[in-house]
Every structure is written in structure tokens, then in C-alpha cells.
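**Q** Using only what follows, build the 3D model:
(chains A and B)
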Amino acid sequence: MTTDASTLPRTGAETKTRPVTIGAVRSSQRSRYTWLVPTLYIIFLLLPIYWLVNMSFKTTQEILSVFSLWPQNFTVQNYVVILTDPSWYNGYINSMTYVALNTVISVSVALPAAYAFSRYRFLGDKHLFFWLLTNRMAPPAVFVLPFFQLYSGFGLIDTHIAVAIAHCLFNVPLAVWILEGFMSGVPKEIDETAYIDGYSFPKFFVKIFMPLIASGIGVAAFFCFMFSWVELLIARTLTTTDAKPIAATMTRTVSASGLDWGVLAAAGVLTIIPGALVIWFVRNYIAKGFALGRV
Amino acid sequence: MLELVDVTKVVGADTHIEGVSMTLSKGSINVLLGPTLSGKTSLMRLIAGLDRPTRGDIRIDGASVVGVPVQKRNVAMVYQQFINYPTLSVYENIASPMRVKGADKATVDREVRKAAELLRLTDHLKKTPLELSGGQQQRTALARAIVKGAGLVLLDEPLANLDYKLREELRAELPKIFAATGAIFVYATTEPTEALLLGGNTATLSLGRVTQFGRTIDVFNRPVDLITAETFSDPPLNTLAVEKRGALFGHAHGLTVPVPADDLGLPDGRYTIGFRPHHLFLDAPGGAAVSLPARVAVTEITGSESFVHVDVADARWVALAHGVRNFDVDDRITVHVDPDRLFVFDAAGRLAAAPRALQAA
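**A** Reported below is the predicted structural model:
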């Protein structure tokens, strides 16, 4: 009995250590190549963007004639064209105008709605809340036809506000969902304490509550910005010239001499920049935003 | 003066508060005592005006305040959870009710510093509440209630989550602070000890009803019914279902306890006798005490006191004894009950007789 007892743990220890050693060797072999996959992935992701930047500094002639990894004749002429030609830079102004309008409208409409969903129980609240999100589940193309008819009827075609309101269709539900998540993280007792302290509802909402969910508002605004910025179909359908978005300008730029590749590439680069800038500001909250504030 | 008249709150199918009527006078300390879910918080929310009673009336100085928004009522409230404004500094948190009122800077500063001094927050005024410990957060909330100078102060188990030293200090300080302002002071707690220490009046709550409301010491000494006595006893009241036959309370398992001399006039029938744990003696106290055989179930020793849980017949009793009294589980011991310490409750749970020892005192 005693010998059994003394040998048993030893064998146990041996069998325990062996796989650990093998595991360690394996993992060290593996670790020599751990950089490989991420690097390939990043190259894969960045290549098109690099190529776009690369093209934007070339002349159209160079783009079409030779295959070069970097510009042979470095030029900023393409950017100059965009920044001086109103038909180009107006595209940016138009896009930014309706995106900003949409973000402001969406967030300010969604704030009270989200507060109601997070604080009150009312008839059909849960169904209504879910129904909101279903608005996001239809492709925008579905709404193009009714929108076009309706906006024509109200004489809103080719205005910034038309696009801004149209984009509310999918941005308001999203903002409501995100903000509701953030708001539900704030205990109801804070609201009550503020009322007891004497705050009126609007004062409480602006002075106490909004700072508490500031990151939520930021994330909601970012998502509204993003979806409105990248949306093309509705924006293009509802506009002709005065409010034409940059993406639409890009897809329509075929001049007499064919496609102006260099200018197009420069336009592409300029289109990426605002999105990248905005992402930088909300980078710490984006994950929570994707979880609709429910982390 | 605050009057509650038949206040009832029904939420969905649940009745949270049922038919509560009581009158709280100015400058009084009122304790709402009851176990969790007995409706203390619900009642407080109704009094504060955060919720609207389903039925009944709440009057301040004779005028109904039902439907008056909480902003317009002169109320201060502190929750059991630490509730502060996380985005504001501790200073601004405390100053908040005065800022809303539009008090001038000097007054705000003076009051905030006074309250901070009182609650030992002076060193933390620049921090935000989330940088503070739990106890400091709660003190911030209390300081905010103090500076408001409200006529009605509601504290919902404010000390439940504090460490005991601070708790004892604040428990002594708080009533004084608020009593000085002449406010109606309402304090919810689950602990009978806390109610006794605060003094004033106590309302015992059970399942949304106020079972008794009166001077704390009266409620403690003469609970109107078994539920009140059980609510107002920690450790729990020892009870035994008995049948009175002449001069004896007989229990189904053959135990008998003599009926106290004063209670001999009670008609025969079913009763529940009850007595407090510190009146279940491990050593014969002398006099007319009855000895009963018991089996030890658990012994809890706190140092200065020992709680000995014993099984007597089919009942589980607790004896509270001084000093360290160590027993092993299943030890057979003898416990002693003094008939003069007995509460006698009738079959409906109403008090039939209070201890004689008490009436003498």
C-alpha cells in the first residue's frame, strides 16, 4: 500500500509534465510564424487603399500606360482639380451637409425616444422597440421608389434635407437602439435624485443625463455619420445637381476623354479621410456601439 | 405634519402597499421597520412623491400633495444604493440642490463645506464620486440631503452598506442633524436594533401593511400582534404554539409552561407564546423559570455574546447569552423560560398579554 501510494504521485507528475513540454515546444515553433497571418491580412486590407493613394498622385496617362508601385511623375494636380473645380468640391460639401443634418436630426430625435424606451413601460413598447430595428433589415433599394414619389410630391427632390430625412429611416432606429443601451446603464435613481434635488426634466436631461451618456451620444452620432456617409443609392436617387453627393459625382465622372483616373483616385482618398477622422475620435467606444450599448 | 390616509399602491397584480394610514409630526424621527420586500421603499417613494398612490391621500399640513411633482415638494431622499451624479465633482454633487434653487456662491460654499466637514468629505470635494469608496459615496449623498434643508427627509436604509464604525457614528449623528432643522425624518431599516437606537416612532411593516405605528419603545414592548413582534426582534422571536388549559400552556409534544399569574383570566384555547432570545436562559435564572430539554443545533459566537440555536420539541429557538458559550451540535442541554417574560398571542395572532416583568418596569 505504502509503495503504491509513493509511486502513484510520481507517475502522475511524469505524465503531467510530458505533454506540457511538448506543448511548449510546439507553441514556440508556432510563435515564430505568428506575425505571418496578421501581416498578410493587413497587407491584403491596405493594398487597395495604398493603390488608391498611389494612383491619386499619378497622372492619368501614367496610370493607363505603365504599372508602377509608386508614382514616377509625382503630381498633386489631381487634388488641385478637385479642390478648385466646384462640380467636384460641391460634392463633398453636399455630402457633408446632408450627413451632418442627418446626424443632428437622428440623434436629437432618438434621444427622447430612447429615454422613453429605457425608462417607461407602455403598451407595446417591446414590440415597437423591435420593430424599429426591423427597419434596418430591408435593403435601402426597397425604399427608393416610394421615397422618390413622396419627395417629388413635396418638391424636396435635390435638396440636402431630403437626403438627410431619408437616411433617418435607418439611422433613427439605430441611434435609438444604441442610446437605449447606454441609458439603461444609468440607474433610474439618478433621475429621481435629480428631480428630488429640484431639477426640471429638461434641465436634468441636459445637465445631468446627457453628460452621463456622452459616449453613447458620440457613438450614435458616429454610426449615423457612417451609414449616411456611405449610403449611395438613396442619396443619388433623391438628388440631381444641387445636392449631389460626392460618391454620385465619382460614379458619373466620365469626360469626353474617357475616365479621369487620377482625379477619381484623388476623390476616393478625400472620401476616406472624413470617415477615418471620425472613427479616430470614437475608437474607444465603437465596440460598445456595435453591441448597441449593451456591454 | 404629514398625513397618510389609507394609502394603497397596486402595481399590476401586486399590491405593494395596502391601506397605510399614519401621521408624522414635524421634527419627529420615524422609523419604517420591516424585512426586505415588506414595502419600506415603496412607502417611501409614495411619501416622497416619486410614485402616485393608487388609492388614498397624502397630506402635508392638511393639503393634499398627491400629484404634486416631486420637484415642487420640499423633500430630500437618500437611497440604499450610492446614488450621485458621476459626472460632477463631489463639491458640485453636494451643492446641486442649492444650485437649482439659485443660491448665491458664498452661501453654497459655506453650506457645502459645513456638510462636508460633518461627513468628513472635506479632502474629497474635488474628486468625482466614482473615485470615492462606497462609504464616501454614501456620505456624499447624505451631505446633499443635508444641504437641501428639506422639510421631509427620507433615508432608505442609508447605512446598510457602510462599515460598522461609520454606521454607528452616523446613526447617532443623523437624527441630530436633521432634528435641528425641524424636518420630518423618515428612516427605513431592516434592523430592530437600529430602530431602537434611533428612538422616536416606529412603524413596523409586513407585506405592504403597517402592522403597528407608535413610539418605538411602545411598539417594542407591546407589539399588537405576532407579526409585529417577529418583525421587531433580532434575533427572531422564539415562539411556540400552545393550548391553554387552566393554569398551563400545553404543547403537542408534552411540554408545559405555567400560565403567568396575570394571564390566568384568558379563556382556554389555542395561543402562541413568544419571548425574546435574551429571555431564553441557558442557566437557571431563579424564580419561577421553567426548565425545558433542548438539543443544540448551531452555536454562533460573536465574542461578547453567543447565539445558541436549540431545538425544543418541534420549535427552533435562539438563546442569546453573554460571553462565549460553546456547545457541540446535538448536545443535550436544558434551557429556561421565565413565564413572566412571555408574550401571549391569540389564535388570530393578536397580542393577548404582554410580559408582566415589563409592566412592572
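
**Q** Hmm, residue B:211 and residue B:22 touching each other?
**A** No: using C-beta atoms under 8 Å, residue B:22 makes no contact with residue B:211, being 11.6 Å away. (Glycine included, C-beta is placed from N, CA and C.)

**Q** Show me which of the two is the more surrounded one.
**A** Legend: neighbour count by other C-beta atoms under 10 Å in any protein chain shown for residue B:22 and residue B:211, higher for residue B:211 (24 against 17).

**Q** Could you pull up the residues touching the more buried one?
**A** By C-beta atoms under 8 Å, 6 or more residues apart in numbering or on different chains, residue B:211 lies in contact with B:204-205, B:224-225, B:227-228, B:231.

**Q** What about those, which are in strands?
**A** The strands, defined by DSSP state E, take in B:204-205 from the contacts of residue B:211.

**Q** Just put the contacts of residue B:211 in a markdown table and tack on neighbour count, distance to residue B:300 and pLDDT.
**A** Conversion of these to a markdown table gives the following (neighbours: other C-beta atoms under 10 Å in any protein chain shown; distance: C-beta to C-beta, whole Å; pLDDT from 0 to 100):
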| residue | neighbour count | distance to residue B:300 | pLDDT |
| --- | --- | --- | --- |
| B:204 | 29 | 25 | 93 |
| B:205 | 27 | 27 | 92 |
| B:224 | 18 | 30 | 91 |
| B:225 | 19 | 28 | 91 |
| B:227 | 20 | 25 | 90 |
| B:228 | 29 | 25 | 91 |
| B:231 | 26 | 21 | 89 |
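
**Q** I'd like to know which of the contacts of residue B:211 is nearest to chain A.
**A** Using C-beta to the nearest C-beta, residue B:205 is the member of these that sits closest to chain A, with 20.7 Å.

**Q** any idea of the pLDDT on the residue nearest to that closest one when sequence neighbours are not counted?
**A** Spatial nearest neighbour of residue B:205, excluding adjacent residues (C-beta to C-beta, 6 or more residues apart in numbering or on different chains): residue B:34 at 3.3 Å. As predicted, residue B:34 sits at a pLDDT of 91.

**Q** tell me the contacts of residue B:34?
**A** Neighbouring residues of residue B:34 by C-beta under 8 Å, 6+ apart: B:40, B:188, B:190, B:204-206, B:231.

**Q** again, but for residue B:264
**A** residue B:247.

**Q** do residue B:83 as well
**A** A:187, A:189-190, A:193, B:141.

**Q** Any regions of the chain where pLDDT drops low?
**A** Reading this off chain A. Where chain A drops to pLDDT under 70, the residues are A:1-30, A:252-258, A:292-295.

**Q** You answered for a different chain; I wanted chain B.
**A** B:356-361.

**Q** let's go with 80 and repeat that
**A** Scanning chain B for pLDDT under 80 picks out B:175-181, B:285-288, B:356-361.

**Q** how about the residues of it near chain A?
**A** For chain B, the residues in contact with chain A (C-beta under 8 Å from any C-beta of the partner chain) are B:48, B:50, B:69-71, B:75-77, B:79, B:81, B:83-88, B:96-97, B:100-101, B:141, B:144, B:148.

**Q** In this model residue B:309 seems to touch residue B:297, though I could be wrong.
**A** Yes: counting by C-beta under 8 Å, residue B:297 sits close enough to residue B:309 to count as a contact (4.5 Å).

**Q** Which of those two has more residues huddled nearby?
**A** Higher neighbour count among residue B:297 and residue B:309: residue B:309, with 19 against 16, using other C-beta under 10 Å.

**Q** Leaving out chain neighbours, which residue sits closest to the residue of the stretch 101-250 of chain B at minimum distance from chain A?
**A** Residue of the stretch 101-250 of chain B nearest chain A, by C-beta to the nearest C-beta: residue B:101 (6.4 Å). In space, and not counting its chain neighbours, residue B:101 is closest to residue A:198: 6.4 Å by C-beta to C-beta, 6+ apart.

**Q** Test my guess that residue A:271 contacts residue A:249.
**A** No: here residue A:271 does not reach residue A:249: they are 9.9 Å apart, not a contact under C-beta under 8 Å.

**Q** Separate out the buried members of the contacts of residue B:83.
**A** Buried members of the contacts of residue B:83, counted by 16 or more other C-beta atoms under 10 Å in any protein chain shown: A:189-190, A:193, B:141.

**Q** What are the boundaries of the helices in the stretch 1-150 of chain A?
**A** Per DSSP state H, counting those that start in this stretch, the stretch 1-150 of chain A carries helices over the ranges A:2-31, A:36-56, A:60-65, A:77-84, A:86-119, A:125-134, A:141-153.

**Q** Tell me the secondary structure at the residue nearest the centre of chain A.
**A** Residue closest to the average C-alpha location in chain A (C-alpha atoms, centre = their mean): residue A:226, at 3.8 Å. Of the three states, residue A:226 takes helix under DSSP: H, G, I helix; E, B strand; the rest coil.

**Q** Look up the residues forming beta bridges with residue B:205.
**A** residue B:210 (DSSP bridges).

**Q** Pull the helix or strand harbouring residue B:297 out as CSV, backbone CA atoms only.
**A** Element membership of residue B:297, judged by DSSP states H and E, is strand B:290-301. Backbone C-alpha positions of strand B:290-301 (Å, rounded to 0.1, in the frame of the first residue of the first chain) are rendered in CSV as follows:
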residue,chain,number,x,y,z
VAL,B,290,-39.4,26.6,33.6
SER,B,291,-36.8,24.2,32.5
LEU,B,292,-37.1,22.6,29.1
PRO,B,293,-35.0,19.9,27.5
ALA,B,294,-33.3,21.1,24.3
ARG,B,295,-30.9,19.9,21.6
VAL,B,296,-28.2,22.3,20.3
ALA,B,297,-28.4,22.9,16.6
VAL,B,298,-25.9,25.7,16.0
THR,B,299,-23.8,28.0,18.2
GLU,B,300,-22.7,31.4,16.9
ILE,B,301,-20.2,33.2,19.0
